[in-house]
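Undergrad: Take a look and give me a structure for this.
(2 chains)
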Amino acid sequence: MDQPEILFQWNGNTVTAKPGDTVASAIYRSGVRTFTYSYQHGRPRGLLCLTGACPNCLVNIDGVPNVRSCTVPARSGMSVLAQNQNVYRGFDSPAVKRFPAAPPLAESPHHYEHVYLQFDVVVVGGGPCGLEAALASAERGLQVALLEKQPALGGDSMLVEEVRAHPAITIFVNCTCFGLYEGNLLGAVQIDYDRPHAETLLHLRAASVVAATGAYETQFLFANNDLPGVMLSTAVQRLVHQHGIVPGKRAVLIGDAPRCSTLQIELQAAGIEVVASLRVDSVVSAVGEDHVRGVATEAVTYDADLVVMCGPLLPDLGFLAGTSPQSVTLVGAAAREGFANQAYTPPPSAQSTDAIACLCMDVSGKDVAETIAGGMGHIELIKRFTKLGKSACQGRMCQTAAVSLCSQISGQTIAQVGTTVARPPAPPVTLGVLAGMRHHPARRTPMHYQHDQLGAVWMDMGDWKRPRYYDPAGIGNQEHCVKQEYRAVRERAGIIDVSTLGKIEVKGSDAGRLLDLVFTHEFSTLPIGRIRYSVLCDELGTIVDDGTISRMDEERYFITTTTGNVDFVQQWLEWWAAASALEVTITNLTAGLASMNLAGPQARGVLAQLTNCDLYSQNFPYMDWRQATVAGVPATLMRIGFVGEMSWEIVVAAEHGSHLWEQVLQAGASVDLRAFGVETQRVLRLEKMHIIVGVDTDALSNPYEAGMAWVAKLDKEDFIGRATLARMKQNPLERKLVGFELEGHIAPPDGSPVLVDGQPVGWATSVRFSWEKEKVIGMAWVTPAEAKHGTPITLRSDAVDYSAIVVEEVFYDPTGQRLKM
Amino acid sequence: MSFLLKCPNCGERSVYEFRFGGEIRQRPSPPAGPEAFITYALYKRNIAGVQWEWWYHRGGCGEWFKASRNTLTNEVQQTLLPQDEEQRG
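TA: Numbering: from 1, shown residues only, chains lettered A, B, ... in the order given. Below you'll find the predicted structure:
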């Protein structure tokens, strides 16, 4: 049967791949020998390792840079570009040849996922040893994960079938393990080549780990060892056996005799003539310009179009770097003795020539020799000074060569030279897959879709979506819309969804004690049916949150917190309860309740249509709450007033929120009630100088500076922050939160600096146009000298100065009559 | 950082599920002045070795519990419910 042709683009030319081809093998098959040019000196580079270890075949695939093309199966429609822009053109550089510049980083087309899994045994490496280890573990009744970085398991086909059929073994192919971390956590990246750029980060917990990762080959040092056509034996074997490509006609082999003679037989069988097998210390130089043409020794030059290095084999244990694993078992080639026994004697020429020790950074033998001669003989210093081993291949190709060279130059033993400290991840991982999916969770209140129908313009507050204001006619003018909503609340009635506020129930015999300890105000003495505002301070007296606390009965309180801070407050309460051994139960009710604030001079008339509850102030005064049936559903009515009008917060079960919202809108239709958003609420509350913690306060604000001395009940024996607040009360203030007003309609942005005589004295926290004052108003932090009524101050924004005057009195209804009507 | 912690309620879980709550300290009693409270709030012993700490099982049962952890190795020796007395070495 005919396989469909695989066609993709390489630098704008069409390349035909055969089934089983990687991107690199297909490009090589099409006749390309130079895949890239080196970054520092623009030297041509071709295929070297074909195992994903070296930096020579990095390409840009579909906008993603630095992809190791020898690891990616060829797929139709790919757009592959060479990457080598930013070549340094020093005066001693050879003529630099360039591929077209790569496109800028693509807006990520990736699909990144994170998966968390647990196994008894994780076997890393799906070759013959890994298969044996997986089977042996599974036969003992253990759950096994088998990770293989290639697309298929390797080894005897009977064994592969047995492993695939075993129910206790889970196989992950195209899956590279990059690190072993504390608690036997393995990080691995699995790539799904059937989908463009689909990567999954596996977090694998394993009781024990088997490393069956085998070994990888590294290069030798001699002049021009980086020419295209000089390859590692693994690469040549893969080209010949896996891809059916014959990479040359006449080959020179370099390495020890047993491996060379085995390879010679393989190559001759593939039709390649082996003209010589040489020991590495006899090689002076590879010869050639763009591609190798031969190998020179002291005595003779061999003509060849292929040079094969049977280089040192190192256990492929990069993922174990930096760990002291207790339960890792090494098997197969990975268990072979590493690196110390793999050192070799580089030819004398390596020290004085451009024999490339580090392919990524073009560090030559000469560079290393000069660094050592300059007094930096320690391997870590050489790495830092020359950048050897600090780039794409993470030192995998250069480690043996560098250490061998250091040993040779300095006369130290290999053990004395040592190695640089390695840390995971190795091999490299994309930042994208570590970051994971682009996932912005959004919380929506029960009335969300009703806001949508009313033309809500949305804003994000913490995880929540809240209407900033409503634009039912779609006119796109924020000021106009906010003004309509503002007028409704001040003159008639308005309603705002406040379901996003945190809602916490505290109950138990120590509930009052806990709240007395945690809040600055006093709650054990609060009568049932009453509500009290308080802030919450830390031990330094800094305001960390605020809210209202309602006493529901003897041992039960209902707390509101600011939007986005409920988890913090809950954990704070729970910690103090645990640390102080208090008998309380703390429940976060935020998601289970819907709440809305009905405010305005006509609010009573609107609400009275929906409930029999007596809403008049003699029986239901300001800062009281009542249980009532509203629009047929059980509700808690809380008479509080953030926006400065008579208002009720109506709290119902979340499933009734949408019903109640609709009922309030209908009941309010006769007075032209309007839904209002956060922006309108901010203007309304600013006129009352009600603070928003985190907007008008910062990480240092205390209640005295914020003008809320009354909230700190220092006559309580103890509460968090009491000792520091008591001291602050005696000391002069360092700064103060004040109101100000300025002429005109233009409000400088929140956060604008405040100047006096050209010197900064503070900053404005909130600035809005007030329709009450027909001026711009705001709050600002200033030094006490400027805090007096009538003091001129200057706000500066974008080099424009705004003259303002400090105002001591609240801008709207200073006596609070409208709250209590 | 990926070590495991044994929640007294839920058993051994990844540290990602927990929030760190700091060293276990004795809060000063009310007659103490602000200096004592500021020292309590800001100055940590920061032991290089085993110390008792607060941990919160945010991704699980919501319990604040006590753990003795070696800060050099992240080995967790013991975890206790808040009402249980820790054995100090």
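
Undergrad: And the strands in the stretch 551-700 of chain A?
TA: A:556-561, A:585-588, A:593-599, A:625-630, A:633-638, A:647-653, A:674-675 (DSSP state E, counting those that start in this stretch).

Undergrad: Of those, give the one that comes closest to A:Q478.
TA: Nearest of the strands of the stretch 551-700 of chain A to A:Q478, taken as C-beta to C-beta: strand A:674-675 at 15.0 Å. Bear in mind the C-beta positions are built from the backbone N, C-alpha and C, glycine included.

Undergrad: any idea how far A:I777 is from A:E479?
TA: Distance of A:E479 to A:I777, computed by C-beta to C-beta, to the nearest Å: 15 Å.

Undergrad: which of these two has more neighbours?
TA: A:I777 (24 against 11; other C-beta atoms under 10 Å in any protein chain shown).

Undergrad: In TSV, list the strands of the stretch 551-700 of chain A along with mean neighbour count and distance to A:T262.
TA: Shown next, in TSV, are the strands of the stretch 551-700 of chain A (neighbours: other C-beta atoms under 10 Å in any protein chain shown; distance: least, C-beta to C-beta, whole Å):
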stretch	mean neighbour count	distance to A:T262
strand A:556-561	23	73
strand A:585-588	17	69
strand A:593-599	25	76
strand A:625-630	18	88
strand A:633-638	19	84
strand A:647-653	25	78
strand A:674-675	26	82
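
Undergrad: can you list the ones you listed in a markdown table and add distance to chain B?
TA: Below are the strands of the stretch 551-700 of chain A laid out as a markdown table (distance: least, C-beta to the nearest C-beta, whole Å):
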| stretch | distance to chain B |
| --- | --- |
| strand A:556-561 | 16 |
| strand A:585-588 | 9 |
| strand A:593-599 | 19 |
| strand A:625-630 | 27 |
| strand A:633-638 | 24 |
| strand A:647-653 | 22 |
| strand A:674-675 | 35 |
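
Undergrad: now those strands in JSON lines, with distance to B:F65?
TA: Below are the strands of the stretch 551-700 of chain A laid out as JSON lines (distance: least, C-beta to C-beta, whole Å):
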{"stretch": "strand A:556-561", "distance to B:F65": "24"}
{"stretch": "strand A:585-588", "distance to B:F65": "15"}
{"stretch": "strand A:593-599", "distance to B:F65": "29"}
{"stretch": "strand A:625-630", "distance to B:F65": "35"}
{"stretch": "strand A:633-638", "distance to B:F65": "34"}
{"stretch": "strand A:647-653", "distance to B:F65": "32"}
{"stretch": "strand A:674-675", "distance to B:F65": "45"}
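
Undergrad: Redo those as a markdown table? Include mean pLDDT.
TA: Shown next, in a markdown table, are the strands of the stretch 551-700 of chain A (pLDDT from 0 to 100):
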| stretch | mean pLDDT |
| --- | --- |
| strand A:556-561 | 97 |
| strand A:585-588 | 96 |
| strand A:593-599 | 98 |
| strand A:625-630 | 98 |
| strand A:633-638 | 98 |
| strand A:647-653 | 98 |
| strand A:674-675 | 98 |
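
Undergrad: Okay, now the unreliable bits of the chain?
TA: Since no chain was named, I'll use chain A. Within chain A, the ranges that satisfy pLDDT under 70 run A:1-3, A:85-109, A:324-327, A:337-341.

Undergrad: wait, I meant chain B there
TA: Low-confidence segments of chain B (pLDDT under 70): B:86-89.

Undergrad: Pick out the residue nearest the middle of it.
TA: Among the residues of chain B, B:E53 comes closest to the average C-alpha position under C-alpha atoms, centre = their mean, at 1.6 Å.

Undergrad: and the helix or strand where it lies, which strands flank it?
TA: If you go by DSSP states H and E, B:E53 is part of strand B:50-56. Strand pairing for strand B:50-56, determined by DSSP bridges: strand B:19-23 (antiparallel), strand B:64-70 (antiparallel).

Undergrad: right, so of the ones you listed, which gets closest to A:D256?
TA: A:D256 sits nearest to strand B:64-70 of all the strands paired with strand B:50-56, at 46.8 Å, using C-beta to C-beta.

Undergrad: Buried residues of the closest one, list them for me.
TA: Neighbour counts over strand B:64-70 (16 or more other C-beta atoms under 10 Å in any protein chain shown) mark B:W64, B:F65, B:K66, B:A67, B:S68, B:R69 as buried.

Undergrad: Next: stretch A:676-691.
TA: For stretch A:676-691, by 16+ other C-beta under 10 Å, it's A:676-691.

Undergrad: do the same with stretch A:113-127
TA: A:E113, A:L117, A:F119, A:D120, A:V121, A:V122, A:V123, A:V124, A:G125, A:G126, A:G127.

Undergrad: Could you identify the most distant pair in those?
TA: Greatest spatial distance among the buried residues of stretch A:113-127 (C-beta to C-beta): A:E113 and A:G127, at 26.9 Å.

Undergrad: want to try a markdown table for the buried residues of stretch A:113-127, with secondary structure as columns?
TA: A markdown table is the format used below for these (DSSP: H, G, I helix; E, B strand; the rest coil):
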| residue | secondary structure |
| --- | --- |
| A:E113 | strand |
| A:L117 | strand |
| A:F119 | strand |
| A:D120 | strand |
| A:V121 | strand |
| A:V122 | strand |
| A:V123 | strand |
| A:V124 | strand |
| A:G125 | coil |
| A:G126 | coil |
| A:G127 | coil |
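
Undergrad: For residue 61, grab the count of nearby residues.
TA: Defaulting to chain A. Here the count is done by other C-beta under 10 Å, and A:I61 has 20 residues near it.

Undergrad: The intended chain is chain B.
TA: For B:C61, the neighbour count with other C-beta under 10 Å is 13.

Undergrad: quick one, phi/psi of A:V295?
TA: phi -130, psi 130 (degrees, to the nearest 10).

Undergrad: Wait, it touches A:V307, no?
TA: Yes - because the distance of 5.8 Å satisfies C-beta atoms under 8 Å, A:V295 is recorded as touching A:V307.

Undergrad: Any figure for the gap between A:G154 and A:E148?
TA: 8 Å.

Undergrad: Between the two, which is the more surrounded one?
TA: Using other C-beta under 10 Å, the more surrounded residue of A:G154 and A:E148 is A:E148, with 24 against 16.

Undergrad: For the more buried one, give me its contacts.
TA: A:G125, A:G126, A:G127, A:G130, A:G154, A:I171, A:F172, A:V173, A:N174, A:C175 (C-beta atoms under 8 Å, 6 or more residues apart in numbering or on different chains).

Undergrad: Please list the members of the residues you listed that lie in strands.
TA: Residues of those located in strands (DSSP state E): A:I171, A:F172, A:C175.

Undergrad: what's the burial count for the nearest residue to the second one once chain neighbours are set aside?
TA: The reference is to A:F172. For A:F172, ignoring the flanking residues on the chain, the nearest one in space by C-beta to C-beta, 6 or more residues apart in numbering or on different chains is A:L147 at 5.0 Å. Under the neighbour criterion other C-beta under 10 Å, A:L147 is assigned a count of 27.
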